[in-house]
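>>> fold the following, please.
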Amino acid sequence: MASFTIKPIAYVSSTRVDAIDDGWDRETSYIELDSTFDQDAFSGLEAFSHVEVVYCFHKVDESNIVTASRHPRNNNSWPKVGIFAQRGKNRPNRLGITVCKIAEVEGNKLRVEGLDAIDGTPVVDIKPVMQEFLPRGAVHQPGWSTEIMADYWK
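Numbering: from 1, shown residues only. Next comes the predicted model:
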């Protein structure tokens, strides 16, 4: 299998320094582009309401990466499911993706709401959310995933 290198384009500045599972909407997050990007790299982004942020779970030790199944959050009352049937941080490539509300665009800084990434997190891509890329049709999920997310954004 071929491999490739991804370099961060930005870093997160956040009020949260620990990757605790719940309460992410209480945090303030800024994404600051690397100095190699022009000042206008975010130009036009203010016309969108949301962005998708792709980032690296950089604090996850490679020895903790899961490639099989496990109980989400190690909770035995939830079913054991494969790593690709959950959104845990101990993923093979340690990538996270979150849709965030754009609060402010200022030069090379983007203030967002609802980013579940800790201070210092490397960002590998940012994309505007477009209606046409959202799911076509109804979204469904198992009951345990609704339970797991009950306090995630509070």
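>>> how many neighbouring residues does the closest residue to H50 other than its chain neighbours have?
Using CB to CB, 6 or more residues apart in numbering and skipping the chain neighbours, the partner closest in space to H50 is V129 (3.9 Å). C-beta coordinates here come from the backbone N, C-alpha and C atoms, glycine included. For V129, the count of nearby residues is 16 (other CB atoms under 10 Å).
>>> was I right about V129 contacting F48?
Yes - V129 lies in contact with F48 (CB atoms under 8 Å); the separation is 6.5 Å.
>>> can you show me the strands along the chain?
Here the chain has its strands, by DSSP state E, at 10-14, 29-33, 50-56, 69-70, 81-82, 95-106, 109-113, 122-128.
>>> before we move on, back to that, contacting residues around the residue nearest to H50?
By CB atoms under 8 Å, 6 or more residues apart in numbering, V129 lies in contact with F48, S49, H50, V51, E52, V99.
>>> list the beta-bridge partners for the fourth one.
The residues paired with V51 through beta bridges, assigned by DSSP bridges, are C100, P128.
>>> what about it, how many residues nearby?
By the criterion of other CB under 10 Å, V51 has 23 neighbours.
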